[in-house]
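S.K.: here you go, sequence then predicted model.
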Amino acid sequence: MLTMSSDLRYYKLNPEVKDPYRATSGSACFDLYSFLPDESEVTVYRNDFEETEKVTRVVKLKRVPINPKERILIPTGLILDIPKGYSVRLYPRSSLALKQGLTLANNVGIIDSDYVEPVFAMIFNMSGYVKYINHEERICQAELFKDQPHVLEEVFERPERKTERDGGFGSTGKK
């Protein structure tokens, strides 16, 4: 069902999937949870030398291991019905990054309004140790984001400097 409001609807692929949850009335984002029932499968990407290898891993005991430097698609069990003119942004959970060394591999995941497939969080293990994602664990936070319509227009003259900035990366840190 297409909605014209800024309400975000969701469909559960299984009745046991946890609902997205906004922790406080002041929370900017809502939490998404992993859905890892026993004997389900997840997709893992790992780099061995120059090649990226894609493998399937079976979930046992309602948790899945993530080896160092692996990227893994963790299912949420949800399909989002994002209103036209909006997108959903997925962000890492700061406590997962700080306490476990796990973050989103793409830093910010962007889900377009015309994507109506299952939502996954692409988790990356940046620690040097095997870490685990458990069933129904908060894995990322999400935000309904209003798109800003704009036109991309090529210009044929280099843009002029707008401030006193002189330089690129790190140029505002100079004293």
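M.R.: Happy to help now that I have it. Numbering: from 1, shown residues only.

S.K.: L96 belongs to a helix?
M.R.: Yes. Under DSSP: H, G, I helix; E, B strand; the rest coil, L96 falls within a helix.

S.K.: who's the nearest residue to it once chain neighbours are set aside bridged to?
M.R.: Sequence neighbours aside, L102 is the residue nearest to L96 in space, at 4.8 Å (criterion: C-beta to C-beta, 6 or more residues apart in numbering). In this view, the C-beta of every residue, glycine as well, is placed from N, C-alpha and C. Beta-bridge partners recorded for L102 (DSSP bridges): N125.

S.K.: tell me how far L102 lies from R93.
M.R.: Per C-beta to C-beta, to the nearest Å, L102 is found 8 Å from R93.

S.K.: of those two, give the one with the bigger neighbour count.
M.R.: L102 (26 against 21; other C-beta atoms under 10 Å).

S.K.: show me the contacts for the more buried one.
M.R.: L102 is in contact with 66, 92, 96, 123-127, 131, 133, counting by C-beta atoms under 8 Å, 6 or more residues apart in numbering.

S.K.: 7 Å instead, please
M.R.: Contacts of L102 were listed using C-beta atoms under 7 Å, 6 or more residues apart in numbering, and they are 66, 96, 123, 125, 131.

S.K.: what of M126?
M.R.: By C-beta under 7 Å, 6+ apart, the residues touching M126 are 101, 103.

S.K.: next one: H135
M.R.: For H135, the contacting residues are 34, 36-37, 62-63, by C-beta under 7 Å, 6+ apart.

S.K.: let's see 6 Å
M.R.: Counting by C-beta atoms under 6 Å, 6 or more residues apart in numbering, H135 touches 36, 62.

S.K.: need phi/psi at it.
M.R.: H135 adopts backbone torsions of phi -60, psi 130, taken as degrees, to the nearest 10.

S.K.: how far away is it from K162?
M.R.: Taken as C-beta to C-beta, the span from H135 to K162 is 51 Å.

S.K.: coming back round to it: what's the closest of the contacts of L102 to T76?
M.R.: Nearest to T76, judged by C-beta to C-beta, of the contacts of L102 is I123 at 11.5 Å.

S.K.: tell me how many other residues crowd the closest one.
M.R.: 25.

S.K.: the residue sitting furthest away from the middle of the chain sits in which helix or strand?
M.R.: Centroid-distance maximum for the chain: E157 at 37.3 Å, with C-alpha atoms, centre = their mean. Secondary structure from DSSP states H and E places E157 outside every helix and strand.

S.K.: tell me where the protein has helices.
M.R.: Secondary structure of the chain (DSSP state H): helices at 94-100.
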